[in-house]
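Chemist: What would the 3D arrangement of this be:
(2 chains)
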Protein chains: 2
Amino acid sequence: MQITEKSGVSPERKSILNFLFGRPLSSEEDAKEQIGPAAGVPVFGLDALSSAAYGPEAALTILIPLGLLGVAYILPISVTIIVLLSIVYFSYRQTIAAYPSGGGSYIVASANLGARAGLLAGAALMLDYVLNVAVGISAGVGAIVSAVPSLQPHTLGLCLGILVVLTLINLRGVREAGLAFMAPTYIFVACLGGVIVAGLFESIVHGGHPIPAAPIPRPAAPMTAVSLWLLVKAFSSGCTAMTGVEAVSNGVQAFREPRVKNARITLTTVIAILILLLAGIAYLCKVYQVGSTPPGQQGYQSVLSQLTAAVAGRGVFYFVTIVAVLTVLALSANTSFADFPRLCRSIAEDSYLPYLFTIRGRRLVFSFGVYVLAIVAGLLLTVFGGVTDRLIPLFAVGAFTAFTLSQAGMVVHWKRNPGRGARTSMLINGVGGLATGVTTCVVIVAKFTEGAWITVLAIPALILLMSTVHRHYEEIQRETECHSPANLKNIVPPLVVVPLQRWSKLAEKALRFGYVLSRDLVVLHIATEDQQQDPGKDDLMKLWDEYIEKPAVQAGFKPPELVIVKSRYRLVITPIYEYILELAQKHPDRWISVLVPELVERHWYYFFLHNQRATAVKLILYAKGDRRINVVNVPWYLS
Amino acid sequence: MQITEKSGVSPERKSILNFLFGRPLSSEEDAKEQIGPAAGVPVFGLDALSSAAYGPEAALTILIPLGLLGVAYILPISVTIIVLLSIVYFSYRQTIAAYPSGGGSYIVASANLGARAGLLAGAALMLDYVLNVAVGISAGVGAIVSAVPSLQPHTLGLCLGILVVLTLINLRGVREAGLAFMAPTYIFVACLGGVIVAGLFESIVHGGHPIPAAPIPRPAAPMTAVSLWLLVKAFSSGCTAMTGVEAVSNGVQAFREPRVKNARITLTTVIAILILLLAGIAYLCKVYQVGSTPPGQQGYQSVLSQLTAAVAGRGVFYFVTIVAVLTVLALSANTSFADFPRLCRSIAEDSYLPYLFTIRGRRLVFSFGVYVLAIVAGLLLTVFGGVTDRLIPLFAVGAFTAFTLSQAGMVVHWKRNPGRGARTSMLINGVGGLATGVTTCVVIVAKFTEGAWITVLAIPALILLMSTVHRHYEEIQRETECHSPANLKNIVPPLVVVPLQRWSKLAEKALRFGYVLSRDLVVLHIATEDQQQDPGKDDLMKLWDEYIEKPAVQAGFKPPELVIVKSRYRLVITPIYEYILELAQKHPDRWISVLVPELVERHWYYFFLHNQRATAVKLILYAKGDRRINVVNVPWYLS
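Modeler: Numbers count the residues shown, from 1 in each chain, chains lettered A, B, ... in the order given. Now for the predicted structure:
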């Protein structure tokens, strides 16, 4: 046994790949790529944090018809969401400890509830991650475009540009992504935090009735009475604020040791900030009487824009805040890039997705997952022209389905692993699962006609696809697995078929190699009209005795058998494989090796100068042939 | 020697191919596909005949600034063109007899003036044929669109539609093309002939001053004095009427026996009709005082439309005539489809173009030439959006260059083959060559700035390309030709390398086949992180002794050497070929066979489920390897 090591790459070489993606990382450099909580918050938390920018707004939009009364309802709705969020938080905190190698909903559900439940959670999350990329980017770009209307015609271009940048950064590795997104994330948090603190202060100073620093639109007069259905719909819309919460528990492996602790700190930080932001925004909306303005209409202004203007006026701080909000919205897609490839990797390791998802690329990320996510999101953006508002109702269903399955899974987990605190944990997860389960149903019902039905159809389709992949891999495994020593007895040389059109050095090389393989050679010559009309061209028959038969006898070999097939319809490949299939039938006990002489050009642009018969013969024989036929390419390299 | 016959096709089977292209024709059915003069006129004459519709008009357009005086000049200009046409006719009549196997300018020039002259003629004609397709179709569609303006937005679609129909018809064989285009051709000739005869009668009845049957635009007042330069330019433009004349002599082989006679009758018919049409149109223009109206401007009306209206009024006959003219214009591209593939075939037989051009397809036409023509013309049409007016000045240069070279070649031909009438023939060709040579210069100068310079650049580029192809084929020929009997001595079994990642039936099959080839086997195992992190997966090392080494010894073989290559950067293919290249360097005297086990799927859509390592290894080894390395695919078919 000889053990060597080959890098196969020159990491320090200057190349376009190294420039774009950074030098390749060896598998041992894994630890250096791992991150702590400071980078973890931007990598896994952007999606959750950016929800603060659209969750409350989505709820307030539903409440517009209630006028000023609707604005008052934002407080109880936000509290409900925050309670739900806290339950989910405790649940995922436990999951991180229980599954330190990465405990996404897929893993928890499939480990505890069975493969079907796991696939349901996996499919729901995959869909959600893809939607998150498309919707996040287009929301950010939409806001930028509404601020700078001259960019309007370039909406799709901007979206795809951001998508490409996100893809490149994420292909450079998780650590670099963390570094790249750290500044915008923390500026966003600091600005919104500043707005909330200042607003609270004003509110206290003015006894709960602060005066806006800049004029803001007043909510319109009420157009309808309050109804439970309206409040439920507002709650459902507000629940989009909870998407992205599961990211950290799925990516535990990306953290450096102590892994569980670091992941938990990250999760706690993200959720704590999110809760503070949601609560602060809800409170300020109430006291400043800020409601949604009808989206897509003249004079539209986002809730955060109104709040910031009300608290701080339209000065420099206002613009910094708005830019930070837009940036974070556009970058919230990054959470998908961090998590989607990991999720797919987990699913692929169970053979439900192509194994390509399990291979780590040059920067130790699961590159194939990044490519797939980028391509699918790019297609969505392109199809919808960069405006994916209509996809928003599809959201949240996936996330809540995953939450519910994850927590149900944890309940079973605690049941199976009783110990200190297991009963409490089980209770928390049980309550959480019930709450998110009910919310899932509410969200589906409330948004069914608006688009949630697409999710309800797409998830089973995805599950079906994954099951098909799994079945196929299992069949292959069953067919090819071998639990016995190699059978190396009774090895009989194959029948060798050499298709030859004319005598040349290629032909000679093929014959020589044929005699390496076997003593039973057949030279197969297809006579098309060229040869029939112009016998001078067909030198093979004239030369046969002198050039082939005699040297073979002299070398002590049985001379090859010459088979000439006339092809009336000028086809060459078809008669070759027809002959070989017949030969295989006649000799059911022997292998058949087809030796195809092949001219190898050094440059691709010579491709059209030659017929690609070798490739065509191989492909057709593989498609129609059987197990005993193989194709040997005998290359002739042109110098 | 065993001689069999395989059709490889089932000609009568119902299939989409048979429906589109007709059943395949065997090589023996060649004679049935050949055509007589009746079909020859539409197949090879459409281009020439349709010239009557745009040649005179092109000359008259240049003469617009002269007003009524310009219209008078059309008669001498047409007479000059007709004289030139007659000379060219006599020349090609002789060429047909001298080169009964097809005597296009390429063949005549290269046989008599050398390869360079032949290539010049060939390139000029190829360019002309491609332009003819684009310009012919877009002229026809342009006329249709100006008649039915609501079709305007579909210009490109209509052009491409006609292109597809022409391509399909021509792929069905030359006989079917003749049948398909016979009716429109003869209706066109009959209608225009009717107009001319009726016009002549009117003119005689009214003593040379006939009265128009319908009002037609009067030529504008003269804006400039007559100048020689203007007349020369008008003549150059009128010369476009002569394109397409060489088609018959190029396609002699398409005619049935007596081949020369049939081809000559066809040529005579086409030229006679064309001369009568040109003369008739010129005369009627003069007596009816019909001039061009400024193209592209309000109130534009083509010369033929004005003439027909003047002679026959705007009744049913007018509309039938106009529809026939438009149809023939759009179909004039067909001459290119008949001749371009034959021209390319002649050039490819001399190795100046890919050999693919010499292969006859299922309907005995040179399908590859048809595809190339359709694709290039389709690209031209698409790039110009279906409006190729700007390409018209590029025309004619190619045709006249070819005429000149062809006739110069014939002069040499007669010099070399003296005999009865050779001196007269030589004189005719000499005068003709001189006349067309002068005309070529005039056309180039007159139209240089309008676009003829593109032709002057494109022709040398095309010649360069063909020379490169020729040189490459010659190099291959030199490298691979073999003028000695096969050397079958000292055949040493190769070193066999089997890359294996895990133990399976595929691995077993590869090992068995390896021992067929040689006793010197190397099993190459690439250890990526999967195996390093999870030793349980890497069963190959654990099973080695029991599953591979022991059975090999028992069977009396030298056991394979196990080489493990650690790949720090998780690459698999690179370490494989690096190892193999090293091995080849270490054993400069031996062949190396790389056995790649390959999973063969029955359906293409399973492609993504497997890494395509076998293909990748083969491609890379071919790109970087040397003559002693070959790749053997050991397929494993999934049932």
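
Chemist: you'd agree A:Asp626 is in a helix?
Modeler: No: counting by DSSP: H, G, I helix; E, B strand; the rest coil, A:Asp626 is located in no helix; its state is coil.

Chemist: OK, contacts around it?
Modeler: A:Ala584, B:Tyr637 (C-beta atoms under 8 Å, 6 or more residues apart in numbering or on different chains). The way it works is simple: take the backbone N, C-alpha and C, and place the C-beta from them, glycine included.

Chemist: got a pLDDT number for it?
Modeler: We have a pLDDT of 72 for A:Asp626.

Chemist: Following element in sequence after the helix or strand hosting A:Val135, please.
Modeler: Using DSSP states H and E, A:Val135 falls within helix A:115-147. Counting by DSSP H and E, the next helix or strand C-terminal to helix A:115-147 is helix A:155-171.

Chemist: Surely A:Ile87 touches A:Val431?
Modeler: Yes: the pair A:Ile87 / A:Val431 is scored as a contact, 6.2 Å apart, by C-beta atoms under 8 Å.

Chemist: and stretch A:546-558, is it in reach of chain B?
Modeler: Yes: residues of stretch A:546-558 are located near chain B by C-beta under 8 Å from any C-beta of the partner chain, namely A:Glu546, A:Tyr547, A:Ile548, A:Lys550, A:Pro551, A:Ala552, A:Gln554, A:Ala555, A:Phe557.

Chemist: Give the buried residues for that stretch.
Modeler: Residues A:Tyr547, A:Ile548, A:Glu549, A:Pro551, A:Ala552, A:Ala555, A:Phe557 are the ones in stretch A:546-558 that count as buried (16 or more other C-beta atoms under 10 Å in any protein chain shown).

Chemist: So for that stretch, first residue to last residue, what's the gap.
Modeler: Start-to-end span of stretch A:546-558 (C-alpha to C-alpha, to the nearest Å) is 15 Å.

Chemist: Need the residues that contact that stretch.
Modeler: Here stretch A:546-558 has contacts from A:503, A:511, A:515, A:519-521, A:523, A:559-560, A:562, B:484-489, B:491, using C-beta under 8 Å, 6+ apart.

Chemist: mind running it again at 6 Å?
Modeler: Residues outside stretch A:546-558 that contact it (C-beta atoms under 6 Å, 6 or more residues apart in numbering or on different chains): A:Tyr515, A:Arg519, A:Pro559, B:Pro485, B:Ala486, B:Leu488, B:Lys489.

Chemist: for stretch A:263-279, same thing?
Modeler: A:37, A:40-41, A:45, A:48, A:52, A:78, A:82, A:89, A:93, A:96, A:189, A:192, A:248, A:252, A:255.

Chemist: Ok, stretch A:238-252 next?
Modeler: With C-beta under 6 Å, 6+ apart, stretch A:238-252 has contacts from A:44, A:47-48, A:51, A:55, A:58-59, A:77, A:81, A:85, A:88, A:92, A:95-96, A:100, A:102-104, A:259, A:263, A:266-267, A:335, A:338-339, A:342, A:395-396, A:399.

Chemist: now the end-to-end length of that stretch.
Modeler: Per C-alpha to C-alpha, stretch A:238-252 runs 28 Å from first to last residue.

Chemist: for the record, mean pLDDT for that stretch?
Modeler: Computed over stretch A:238-252, the average pLDDT equals 84.

Chemist: quick revisit: can I get the buried residues of stretch A:546-558 in JSON lines with secondary structure?
Modeler: Below are these laid out as JSON lines (three-state DSSP):
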{"residue": "A:Tyr547", "secondary structure": "helix"}
{"residue": "A:Ile548", "secondary structure": "helix"}
{"residue": "A:Glu549", "secondary structure": "helix"}
{"residue": "A:Pro551", "secondary structure": "helix"}
{"residue": "A:Ala552", "secondary structure": "helix"}
{"residue": "A:Ala555", "secondary structure": "coil"}
{"residue": "A:Phe557", "secondary structure": "coil"}
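
Chemist: Look at the one residue in the stretch 101-250 of chain A that gets nearest to chain B and say how many residues are nearby.
Modeler: For the stretch 101-250 of chain A, the residue positioned closest to chain B under C-beta to the nearest C-beta is A:Ser101, at a distance of 11.6 Å. Neighbourhood size, A:Ser101 [other C-beta atoms under 10 Å in any protein chain shown]: 9.

Chemist: which residues does it contact?
Modeler: Contacts of A:Ser101 (C-beta under 6 Å, 6+ apart): none.

Chemist: element containing it?
Modeler: With DSSP H and E as the test, A:Ser101 turns up in no helix or strand.

Chemist: Now the phi/psi pair for it, please.
Modeler: phi -90, psi 20 (degrees, to the nearest 10).

Chemist: List the contacts of A:Ile82.
Modeler: A:Ile275, A:Leu278.

Chemist: Could you list the domains of chain A?
Modeler: A:30-476, A:495-637 (automatic domain parsing).

Chemist: Point out where chain A drops to low pLDDT.
Modeler: A:1, A:6-14, A:103, A:295-297, A:388-389, A:529-538, A:602-611, A:625, A:639 (pLDDT under 70).

Chemist: all strands of it, in order?
Modeler: A:2-5, A:495-499, A:521-527, A:561-566, A:592-600, A:629-637 (DSSP state E).

Chemist: Could you pick out the residues of the stretch 451-600 of chain A near chain B for me?
Modeler: A:480, A:482, A:485-486, A:488-489, A:491, A:493, A:503-506, A:508, A:511-512, A:515-516, A:529, A:547-548, A:551-552, A:555, A:562-566, A:568-571, A:574-575, A:578, A:600 (C-beta under 6 Å from any C-beta of the partner chain).

Chemist: among the domains of chain A, which is the most enclosed?
Modeler: domain A:30-476 (a mean of 20; mean count of other C-beta atoms under 10 Å in any protein chain shown).

Chemist: Any idea how far that domain is from the middle of the chain?
Modeler: A distance of 17 Å separates the centroid of the chain from that of domain A:30-476, by C-alpha atoms, centre = their mean, to the nearest Å.
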